[in-house]
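K.L.:
Next one to model:
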Amino acid sequence: MPRIVVDVMPKPEILDPQGKAIVGALPRLGFTGFSSVRQGKRFELFTDGEVTEELLAQAREAAATLLSNPVIEDVVNVEVVAD
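P.N.:
Below is the predicted model:
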């Protein structure tokens, strides 16, 4: 079943309290060397048929208008993933 993956991240100027909490917890769990974490969202859109250019364009439009909040988030990736 074909799927389209959409990744959304907070804009760089937006504070990310979840990312800040994660980066603080990493050293306590033995994971060192990380100086920053940004937490985003991933959406997987499945289709029964072939992923056409038209369907991919619809996914991009949905990502920009529904899956992300354009005031505080950027759509950073929309791609077809083969299984």
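K.L.:
how near is Arg60 to Asp16?
P.N.:
As judged by C-beta to C-beta, to the nearest Å, Arg60 and Asp16 stand 24 Å apart. C-beta coordinates here come from the backbone N, C-alpha and C atoms, glycine included.
K.L.:
pull the longest helix from the chain.
P.N.:
As assigned by DSSP state H, the longest helix anywhere in the chain is helix 17-28.
K.L.:
Quick check: buried residues in that one?
P.N.:
Residues 19, 22-23 are the ones in helix 17-28 that count as buried (16 or more other C-beta atoms under 10 Å).
K.L.:
ok, now stretch 53-68?
P.N.:
Going by 16+ other C-beta under 10 Å, stretch 53-68 has these buried residues: 55, 59, 62-64, 67-68.
K.L.:
JSON lines for the residues you listed, including distance to Leu45?
P.N.:
Formatted as JSON lines, the buried residues of stretch 53-68 follow (distance: C-beta to C-beta, whole Å):
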{"residue": "Leu55", "distance to Leu45": "9"}
{"residue": "Ala59", "distance to Leu45": "6"}
{"residue": "Ala62", "distance to Leu45": "8"}
{"residue": "Ala63", "distance to Leu45": "9"}
{"residue": "Ala64", "distance to Leu45": "13"}
{"residue": "Leu67", "distance to Leu45": "9"}
{"residue": "Ser68", "distance to Leu45": "13"}
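K.L.:
Thanks again, I'm all set now.
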